[in-house]
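>>> Next input, structure requested:
(2 chains)
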Amino acid sequence: MIKLENVTKIYKTGVRAINNMNVDIGPGEFVYVIGPTGAGKSTFIKLLYREEKATSGLVVVAGKDVSKIKNRKVPYFRRNIGVVFQNFRLLPKKTVFENVAFTLEVTDTPKLEIRKKVRKTLELVGLEDKANAFPHELSGGQQQRVAIARAIVNSPKVLIADEPTGNLDPETSIEIIELLQRINEVNHTTILVVTHDKEIVQKYKKRTILIEDGCIKTDTSTGGYFNGTH
Amino acid sequence: MELISCIKNFPKHCKTAIQNIWRNGVMSISSIFAVTITLVLIAVIGVVAINIQDMTYDIEESLTIYVKMDREVKDSKAQEIQSDIEAIDGVKKVTFSSKDDELNKLIESQNDDGKKLFETYRKNNPLGAAYDVEVKDTKQLDSIAQKIQELDNVNEVNYGGESTSSLVSSLESVRNGGAIFVVALTIVALFMIANTIKITITSRQTEISIMRMVGASNWYIRLPYMLEGIFIGIIGAIIPVAVLYFGYTTVFNSAKDLLPAIMTLREPFPFVWQCGGILVGLGSGVGLIGSFVSVRKFLKF
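Residues are numbered from 1 along each chain as shown, chains lettered A, B, ... in the order given. Model prediction:
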């Protein structure tokens, strides 16, 4: 589902963020991406949803060679990927329902279908009774659920969560991770969770990739080990 | 494909645009105010400038060359040079006035005593015939007058001399100055509107980045903003058009009594509607372009 081959990313400032990286993530996998700040985690996921272009190497996501996508076509490519951010990034002037529905509206989905899908997704994340609330009326955990609902409502193949629990307290964080796991099990979505939260990584053991200095230091799936003390 | 989607979603985009204006409250109001104030300014100055221009043209129109023929020349003989005058480059219209006409004009301009006095000259008219010559460009008054002077039997040519020439050139500079002022003001005003819209859109940068995140195509993002700009322009033009309508008709009606006859204002209708149309067009056009340009900045990959 996600494949990087000899990928290097050098920013215009000369910073070498990703250095000859190779990864292969299969469909339906649940993967943690961990590492110290400045290690290249953010650049890694930005390469996946084409916010940045690789300087060299091959990035394939959902069967598409990402660097070959024309600028004009990027929006269409992004419909295959759901992204969740640390700061939720909801549209502040739209209600919960409208926020989730927006993903479907941009793809010209019929109204009836939008309503059906949004309702079903809100049920999945446990917010069916907040459909008409505005984001600022919700708690952080609830806002993150809305963001997740928005990311998965069009059944993307890949869901990328960039520090989804970074702004949340430990209990809410656990709820969010459990929700992501449920999505992984129910929808078989490939899920990538970038996190700093050691407790979570240790509590719910999954494949874990440690990025350091723009390289993959350890990958639990390829026999690497992870001691949780990086 | 993208175009079809845009057209199909047009009503929805309109709804979104109106919703955005409503939900952005203060930001929308500040944009609308910017449009209103600048358009009122443009309207007032523009209308004043147009009227001053009209007046200067009227004044120039009334500037003619008065050609007096020799007294002893008969009307029939005097009329012979009409074609010569008409042949001069830059002459628009030549009106002949016979000896009797001249006397009538003189008598009419006198008071009762004078009328009686000059009436006695009927039998033995001492006045010569005359021509009233209108020119195409008042700057040529001088040179045309000189050419007429050289014709046969012309006694005197009068066009006001130096003072008329300087009047013409000052009218011209008033006109040009006014036009430059209006154009400059319009450009400044338009930049101001575009800038305000830019600020309101910049504050929504995250909104745009989120839309892109979930896979909205560029036109899908852009269209509601552009419509929003147009609507803000139109709403902002309401007050200026009203000010123009009521203000100008009021001024026009009171000016009829106050101003001297040569300084007439332009008839309010359809003038007010033409200006109003221009204002609405300016407002919505600038709104459209302003939002198009500001959104474009955030749509680059």
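>>> Where is the longest helix in chain A?
helix A:170-187 (DSSP state H).
>>> gap between it and the chain center?
How far helix A:170-187 lies from its chain's middle: 13 Å, per Cα atoms, centre = their mean, to the nearest Å.
>>> For whichever helix or strand comes after it, which strands pair with it and how are they oriented?
Per DSSP states H and E, the first helix or strand lying C-terminal to helix A:170-187 is strand A:190-194. Sheet partners assigned to strand A:190-194 using DSSP bridges are listed as strand A:30-34 (parallel), strand A:158-162 (parallel).
>>> what does the following helix or strand past strand A:190-194 contact?
Later in the chain than strand A:190-194, the nearest helix or strand by DSSP H and E is helix A:198-203. With Cβ atoms under 8 Å, 6 or more residues apart in numbering or on different chains as the test, helix A:198-203 has contacts from A:32, A:34, A:165, A:170, A:173-174, A:177, A:195, A:208, A:226, A:228. Quick note: C-beta positions are derived from backbone N, CA and C, even for glycine.
>>> now these in JSON lines, with distance to B:Lys198 and pLDDT?
Formatted as JSON lines, the contacts of helix A:198-203 follow (distance: Cβ to Cβ, whole Å; pLDDT from 0 to 100):
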{"residue": "A:Tyr32", "distance to B:Lys198": "42", "pLDDT": "93"}
{"residue": "A:Ile34", "distance to B:Lys198": "41", "pLDDT": "91"}
{"residue": "A:Thr165", "distance to B:Lys198": "36", "pLDDT": "90"}
{"residue": "A:Pro170", "distance to B:Lys198": "43", "pLDDT": "89"}
{"residue": "A:Ser173", "distance to B:Lys198": "39", "pLDDT": "92"}
{"residue": "A:Ile174", "distance to B:Lys198": "44", "pLDDT": "91"}
{"residue": "A:Ile177", "distance to B:Lys198": "41", "pLDDT": "92"}
{"residue": "A:Thr195", "distance to B:Lys198": "38", "pLDDT": "89"}
{"residue": "A:Thr208", "distance to B:Lys198": "45", "pLDDT": "92"}
{"residue": "A:Phe226", "distance to B:Lys198": "49", "pLDDT": "54"}
{"residue": "A:Gly228", "distance to B:Lys198": "49", "pLDDT": "46"}
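>>> before we move on, back to that, which strands and helices sit next to the longest helix of chain A?
On a contact count with 3 or more Cβ pairs under 8 Å, 6 or more residues apart in numbering or on different chains; DSSP states H and E, helix A:170-187 meets strand A:30-34, helix A:111-125, helix A:140-152, strand A:158-162, strand A:190-194, helix A:198-203.
>>> Would you mark the buried spots in that helix?
Of all the residues in helix A:170-187, those buried under the rule 16 or more other Cβ atoms under 10 Å in any protein chain shown are A:172-177, A:179-180, A:183-184, A:187.
>>> a markdown table for the strands paired with strand A:190-194, including mean neighbour count?
What follows is the strands paired with strand A:190-194, written out as a markdown table (neighbours: other Cβ atoms under 10 Å in any protein chain shown):
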| stretch | mean neighbour count |
| --- | --- |
| strand A:30-34 | 23 |
| strand A:158-162 | 23 |
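>>> pLDDT at residue 207, what is it?
Because you didn't say which chain, this covers chain A. Predicted confidence (pLDDT) at A:Arg207: the value is 91.
>>> wrong one, chain B
So B:Glu207 comes in at 79 (pLDDT).
>>> Now do the contacts for the residue nearest to it when sequence neighbours are not counted.
Nearest residue to B:Glu207, sequence neighbours excluded (Cβ to Cβ, 6 or more residues apart in numbering or on different chains): A:Leu91, at 5.8 Å. Residues in contact with A:Leu91, defined by Cβ under 8 Å, 6+ apart, are A:98-99, A:102, A:135, B:207, B:210-211.
>>> Show me which pair in the residues you listed is furthest apart.
Spatially, the most separated pair among the contacts of A:Leu91 is A:Pro135 and B:Met211, at 15.0 Å (Cβ to Cβ).
>>> which phi and psi does A:Ile25 have?
With angles defined as degrees, to the nearest 10, A:Ile25 sits at phi -120, psi 120.
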